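**Student:** Need coordinates for the following:
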Amino acid sequence: MAASLRSVFSRSPFAARTAFHSARFSSTVSKQPTLKERLSELIPAEIENVKRIRAEHGKKTFGPVAVDQLYGGMRGLPALIWDGSVLDAEEGIRFRGKSIPECQHLLPKAPGGSEPLPEGLFWLLVTGEIPTQQQVEELSKDWAARAAIPEFVEEILDRCPPTLHPMSQFSLAVTALNHDSAFAKAYQDGISKKEYWSPTFEDCMDLIAKLPNIAGRIYRNVFGQGKLPAIDQAKDYSHNLAALLGFGDNEAFVELLRLYITIHSDHEGGNVSAHTGKLVGSALSDPFLAFGASLNGLAGPLHGLANQEVLIWLRKMQDKIGENASDEAVKDYVWSTLKGGQVVPGYGHAVLRKTDPRYTAQREFAMKHLPDDPLFKLVGQIYNVVPDILLQAGKAKNPWPNVDAHSGVLLTHYGLTQMQFYTVLFGVSRAFGVAAQLIWDRGLGAPLERPKSYSSSAIEMMFKDKQA
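**Tutor:** Numbering: from 1, shown residues only. Got it, this is the predicted structure:
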């Protein structure tokens with residue numbers, strides 16, 4: 001074991017700490033640390049690691065800024081530190097260095113289940129380590145114990161008209177949780193900056209724990225599903241969310257939620273919802289205010305509504321060409337979409353240049369659980385024909401499907417047909433990544449974000465009389 005640890009220490013401090021932790025726990029039967037206890041051990045070492053990186057590399061530059069990037073929404077501009085995940089154009093997302101297939105294999109499962117528990121994914125995002133089954137079970141219990149929402153938040157949701165979009169209701173409720181923020185109270189009481197991470201951690205745990213009750217109440221109020229059941233203290237997070245939505249008896253749907261939350265939890269820091277949460281949090285707004293802002297960004301058509309657009313397009317196609325249509329009929333419909341000046345929803349990605357591994361994970365789930373579903377068959381046909389068409393039409397740098405090409409079809413199969421609610425589920429998932437980064441930002445003392453901006457006239461003056 002000593003030789004293997006020396007090998008790991010030669011690679012990186014973080015890998016070394018992870019390996020040492022694993023070795024230590026393989027040789028002891030003492031009580032395993034909670035997530036917060038483990039985090040308190042990791043923060044001092046990571047502060048020193050950041051100092052080392054800045055000392056060694058702080059004056060080095062990479063990724064020169066082009067004027068087109070300023071006008072193009074900062075696309076591809078390296079400007080953020082985000083520890084939970086990194087998105088590679090060829091590989092797709094990696095959570096703390098681990099691919100989606102690796103997470104599916106390594107993270108703990110529910111008894112009898114085959115999909116990773118989101119509790120384990122959150123532990124990985126926060127610590128960089130794979131938790132034990134016991135640690136995940138304790139995290140499930142902790143979240144269940146924190147799940148109740150204040151009575152006044154229930155009243156806010158109950159007084160919302162059903163015509164108010166579910167995401168607006170979601171944002172209202174999350175923002176209102178600020179009333180009981182541990183961080184806001186601690187800051188007002190004059191807590192040391194070195195201790196900011198601890199009440200932030202408590203707020204983030206409360207935030208994640210309360211989201212199923214908020215989502216369930218919105219769903220039942222808007223779509224008339226009756227009274228909410230109580231949180232089951234003995235069940236995992238996804239099972240309780242499914243039960244609150246009225247699907248707790250369908251184990252396949254519960255498994256789908258476990259997969260859904262895991263793969264939608266984080267997608268590095270530059271997307272709108274993630275970056276918004278980090279930005280607002282940098283002002284020392286508490287996690288409820290920061291994540292409420294994230295949800296408002298996620299609600300936009302160019303971010304969280306894409307899976308709805310895919311489903312609408314698929315249904316229009318089915319109405320036009322019927323079920324079990326030929327590949328030629330599918331091709332003709334795709335061409336008609338493009339010639340009509342529209343995009344093929346669910347295809348292309350700002351960063352990825354290969355099939356999104358989140359799409360692949362969902363496709364494998366569908367092959368296992370719903371191989372004969374007509375919409376799933378249509379999604380498969382589209383996958384076989386669209387990339388070649390997009391390449392031929394010159395419409396996309398990446399002609400491959402992304403995560404949104406599949407998720408709505410899976411939810412619809414199990415009876416969750418209310419598309420307006422899909423982004424709420426996305427929001428529940430995205431809280432995991434945003435919360436993990438907020439905890440680390442406070443632990444490492446991340447500063448207020450304040451990038452420099454320029455006017456168009458300033459850009460012109462900057463390059464006036466200079467050679468191109």
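
**Student:** Look up how far A252 lies from the residue nearest to P116 when sequence neighbours are not counted.
**Tutor:** Excluding the flanking residues, the one nearest P116 by Cβ to Cβ, 6 or more residues apart in numbering is L107, at 3.6 Å. C-beta here means a position set from N, CA and C on the backbone, and glycine is covered the same way. To A252, L107 is 19 Å away according to Cβ to Cβ, to the nearest Å.

**Student:** out of the two, which sits in the more crowded spot?
**Tutor:** More neighbours surround L107 than the other of L107 and A252, with 23 against 14 (other Cβ atoms under 10 Å).

**Student:** what about that one, distance to A436?
**Tutor:** L107 is 15 Å from A436, by Cβ to Cβ.

**Student:** cool, D356 as well?
**Tutor:** As judged by Cβ to Cβ, D356 and A436 stand 21 Å apart.

**Student:** same thing with P374?
**Tutor:** Distance, P374 to A436, using Cβ to Cβ: 38 Å.

**Student:** Between the two, which is the more surrounded one?
**Tutor:** The neighbour count for P374 versus A436, taken as other Cβ under 10 Å, is higher for A436 (27 against 15).

**Student:** Please tell me I have it right and the more buried one contacts W123.
**Tutor:** No. Assessed by Cβ atoms under 8 Å, A436 is found out of contact with W123, at 9.4 Å.

**Student:** A458: neighbouring residues, count only.
**Tutor:** With other Cβ under 10 Å as criterion, A458 counts 9.

**Student:** ditto for D68
**Tutor:** Counted with other Cβ under 10 Å, the neighbours of D68 add up to 9.

**Student:** Could you do T360 as well?
**Tutor:** By other Cβ under 10 Å, 18 other residues sit near T360.

**Student:** ok, now Q188?
**Tutor:** Q188: 9 neighbours (other Cβ under 10 Å).

**Student:** Can you list phi and psi of S85 for me?
**Tutor:** Note on S85: backbone dihedrals following degrees, to the nearest 10 are phi -160, psi 160.

**Student:** Quickly list what it is bridged to.
**Tutor:** F95 (DSSP bridges).

**Student:** and it, how many residues sit next to it?
**Tutor:** 22.

**Student:** Surely it and G270 touch.
**Tutor:** No. Counting by Cβ under 8 Å, S85 sits too far from G270 to count as a contact (10.8 Å).

**Student:** ok, and what's touching the helix or strand where V334 lies?
**Tutor:** Using DSSP states H and E, V334 falls within helix 327-339. Applying Cβ atoms under 8 Å, 6 or more residues apart in numbering, the contact partners of helix 327-339 are 313, 317, 320-321, 343-344, 378, 381-382, 384-386, 389, 393, 395.

**Student:** PyMOL command for the buried members of those?
**Tutor:** Here is the PyMOL command that selects the buried residues among the contacts of helix 327-339 (16 or more other Cβ atoms under 10 Å):
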select buried, resi 313+317+321+344+378+381+382+385+386+389
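
**Student:** out of the contacts of helix 327-339, who's nearest V280?
**Tutor:** V343 (30.3 Å; Cβ to Cβ).

**Student:** List phi and psi for that closest one.
**Tutor:** phi -90, psi 160.

**Student:** From G380, how far off is it?
**Tutor:** Remark: distance between V343 and G380 (Cβ to Cβ) = 20 Å.

**Student:** what residues are up against L259?
**Tutor:** So L259 contacts 104, 115-116, 361-362, 365 (Cβ under 8 Å, 6+ apart).

**Student:** do that again at 10 Å, thanks
**Tutor:** Contacts of L259 were listed using Cβ atoms under 10 Å, 6 or more residues apart in numbering, and they are 100, 104, 113-116, 118, 238, 358, 361-362, 364-365, 407, 410.

**Student:** What subset of those residues is buried?
**Tutor:** Buried members of those, scored by 16+ other Cβ under 10 Å, are 100, 104, 113, 115-116, 118, 238, 358, 361-362, 365, 407, 410.

**Student:** now, which of these lie within helices?
**Tutor:** Counting by DSSP state H, the buried ones among the contacts of L259 place 100, 104, 118, 238, 358, 361-362, 365, 407, 410 in helices.

**Student:** Pull out the buried residues from stretch 271-279.
**Tutor:** Buried residues in stretch 271-279, counted by 16+ other Cβ under 10 Å: 271-279.

**Student:** ditto for stretch 70-89
**Tutor:** Quick answer for stretch 70-89 (16+ other Cβ under 10 Å): 77, 80, 82-87.

**Student:** Pull the number of nearby residues for D206.
**Tutor:** Close neighbours of D206, defined as other Cβ under 10 Å, add up to 22.

**Student:** Contact partners for the closest residue to it other than its chain neighbours?
**Tutor:** The shortest distance from D206 to any non-neighbouring residue, by Cβ to Cβ, 6+ apart, is to R146 (5.2 Å). Shown in contact with R146 (Cβ under 10 Å, 6+ apart): 202, 205-210, 231.

**Student:** And these, which is closest to S285?
**Tutor:** Among those, L207 lies closest to S285 (Cβ to Cβ), at 12.8 Å.

**Student:** That closest one contacts T175, correct?
**Tutor:** No. With contact defined as Cβ atoms under 10 Å, L207 does not reach T175; the gap is 11.1 Å.

**Student:** what about the two, which has more around it?
**Tutor:** L207 (25 against 19).

**Student:** Not counting sequence-adjacent ones, nearest residue to the more buried one?
**Tutor:** Leaving aside its sequence neighbours, L207 sits nearest to P287 (Cβ to Cβ, 6+ apart; 5.4 Å).

**Student:** okay, now the one you found: neighbour count?
**Tutor:** Applying other Cβ under 10 Å, we find 34 residues neighbouring P287.

**Student:** show me the contacts for it.
**Tutor:** Residues in contact with P287, defined by Cβ under 10 Å, 6+ apart, are 174, 177-178, 181-184, 199-208, 277, 280-281, 294, 431, 434-435, 438-439, 442.

**Student:** Adding secondary structure and distance to K464, write the contacts of R146 out as CSV.
**Tutor:** Shown next, in CSV, are these (DSSP: H, G, I helix; E, B strand; the rest coil; distance: Cβ to Cβ, whole Å):
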residue, secondary structure, distance to K464
E202, helix, 54
M205, helix, 54
D206, helix, 54
L207, helix, 49
I208, helix, 52
A209, helix, 56
K210, helix, 55
I231, coil, 64
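
**Student:** any idea which of the residues you listed is closest to M462?
**Tutor:** Of all these, M462 sits closest to L207, with 42.7 Å by Cβ to Cβ.

**Student:** just to revisit the earlier point, wait, the residue nearest to P116 touches L139, no?
**Tutor:** No. Contact criterion Cβ under 10 Å: L107 and L139 do not qualify, at 11.9 Å.

**Student:** Please enumerate the shared neighbours of the two.
**Tutor:** Common contacts of L107 and L139 (Cβ under 10 Å, 6+ apart): 117-120, 123, 131.

**Student:** The residue nearest to L207 and G190: what is the separation?
**Tutor:** 20 Å.
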